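**Student:** sequence first, then the predicted structure:
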Amino acid sequence: MDPPGRDLLVSGRHNFADLAAAINKAFARSDMSHLHEFRLTDGRRVTIAEGADDLGETDPVVDLDERDQTLSSLGLHAGDSFTYAFDFGDDWEHRCTVLRTDVDPVKECGSAPSEITPIFGWGTIPDQYGRLSLDDDRDK
């Protein structure tokens with residue numbers, strides 16, 4: 001079975017913090033209190049800076065603040081991939097690929113959205129904590 005996926009419309013002004021929020025929203029996450037990071041193929045990580053600092057795990061050469069970086073500022077082009085990891089305990093990983101850089105938002109969704117917008121999706125989204133029903137949550 002193929003994992004679920006989502007295509008997101010991202011502009012050059014959106015940073016990686018915006019992208020993390022959009023991925024979490026597109027995958028119906030309700031508990032956003034977990035750390036996350038983007039892992040680039042060259043070894044750099046784009047992180048929530050204060051969270052990484054709290055863990056004492058930052059490396060200024062490798063770690064970039066997600067609020068300061070965009071896809072274009074890091075030189076990502078069509079065909080480039082990177083990983084988004086959410087909740088280091090459960091380790092939800094998302095493979096992200098820049099599909100196109102020549103997208104016209106008006107043609108794709110009828111207007112130029114102010115926030116990152118999902119425009120296509122497939123597959124069933126798993127529950128963030130593996131619950132199969134509402135009763136699973138009530139038992140805890």
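**Tutor:** Arrived safely.

**Student:** what's the helix or strand for K107?
**Tutor:** Assigning secondary structure by DSSP states H and E places K107 in helix 105-109.

**Student:** list the contacts for P105?
**Tutor:** Shown in contact with P105 (C-beta atoms under 8 Å, 6 or more residues apart in numbering): L9, S11, S111, A112, P113. In short, each C-beta sits where N, CA and C put it, glycine included.

**Student:** try 6 Å
**Tutor:** L9, A112 (C-beta atoms under 6 Å, 6 or more residues apart in numbering).

**Student:** please apply the same query to I125.
**Tutor:** Counting by C-beta under 6 Å, 6+ apart, I125 touches P4, F27, A28.

**Student:** so which of those are in strands?
**Tutor:** Among those, none falls in strands (DSSP state E).

**Student:** ok, and the most crowded of those?
**Tutor:** Within the contacts of I125, most neighbours by other C-beta atoms under 10 Å means F27, with 18 neighbours.

**Student:** could you find the closest non-adjacent residue to it?
**Tutor:** Of all residues not flanking F27 in the chain, I125 sits nearest, at 5.5 Å (C-beta to C-beta, 6 or more residues apart in numbering).
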